Structure formats: C-alpha cells, structure tokens
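Asks: Build me a model from this:
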Amino acid sequence: MDARPSRSFWDRKARPIAAAALLAAAAAGLFAGLGTGTGQDPVTPPSTERVTMDMSGAAAKCAPPTAELLRTADLAVEGMVRSVSDGIVTMDVSQVWTGDPVDVLEVAQTSGATEVLLGGTSFEVGQTYLVAVQDGRVRQCGYSGVTSPELRALFDEAF
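Replies: Numbering: from 1, shown residues only. Here you go, the predicted model:
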C-alpha cells in the first residue's frame, strides 16, 4: 500500500494548467504593452481638433486682451505649424492650458483671416503659436498669435 495521500484531480492537473495559462496571459499583456518602440501607442491615433479662423462679424477695433477674458476660452494651446495646405493649418500641439487634451490642431482659414488675426503675418511652417479658441473659432484681438514673451505672459496669467 502506498503511504502517500491520494491527490485530487485539482492538485494533479487543473492547478498546473491554470498556473501556466495565467503566466501566458501575463506575458502576452506585457509584450502587447511594449508597442513598436517609437514611444507612441500604435493603437490610439493622435487626437485632432479642427477650428476656424473666420472674420465674419469681426470688430473694427479691439480692446487690449486680458487674462480674465482669455480664461473664458474653450481651448488654449501652444503648437508648432507642421503644414499649411489648401486653407488648413496643421499644428502639433505641445501644451494645452485649457480644454480637452489634443495632439493636433487644424485651423481652417478664410480669406484674409490669418493676416488680421496674427497682426499682418500668416502661419509659417516651423513657427510656434499660442492659440485661444472660443465656440470653435480662433479668438481675435491679440488672444492668438506667434509665441512671444508678451502673449506667453498673458497665457500664464490666465491659466
């Protein structure tokens, strides 16, 4: 007669199988989380926000911008222009002060809007801009423009 106690089916077969399955699942989850090595999640595309630069209803004169009014913006970001094509400015966003997180900001331009809103200049590839958006439109009157110490100070004060 064997002096060893009889082991149940769970001890002999099911427990080792369950442990092996658990280890395999953990390993699969670990390797899936490594991605492609590019530092970007290969499954989640960048978030993109599209706004307009519309001059309809623009005021003839503007009061100086204030931090108090800038705080009411739906979106305030800093980004570098990646491209300007077919009336769409595409910016890679590096900072979001307010609003939903966004990786890319697309600005649809109307004729003449850029020069008026940005103080006589237009969007240039490689240039960095601070942009405030209200109701889907780029805010005018000094709330959006080329990154400068003065505009950055206004954004920092507001947010």
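
Asks: Identify all contacting residues around stretch 77-84.
Replies: With contacts defined as Cβ atoms under 8 Å, 6 or more residues apart in numbering, stretch 77-84 is touched by 89-97, 99, 102, 104-105, 122-131, 133, 147, 155. C-betas here are computed from N, CA, C, even on glycine.

Asks: Quickly note the distance from residue 71 to residue 101.
Replies: The gap separating residue 71 from residue 101 is 18 Å, by Cβ to Cβ, to the nearest Å.

Asks: Between these two, tell me which one has more neighbours.
Replies: residue 71 (14 against 9; other Cβ atoms under 10 Å).

Asks: List the contacts of the residue nearest to that one when sequence neighbours are not counted.
Replies: Of all residues not flanking residue 71 in the chain, residue 158 sits nearest, at 4.8 Å (Cβ to Cβ, 6 or more residues apart in numbering). Taking Cβ under 8 Å, 6+ apart, we find residue 158 in contact with 67-68, 70-71, 76, 97.

Asks: Ok, residue 151 next?
Replies: 130, 142, 145.
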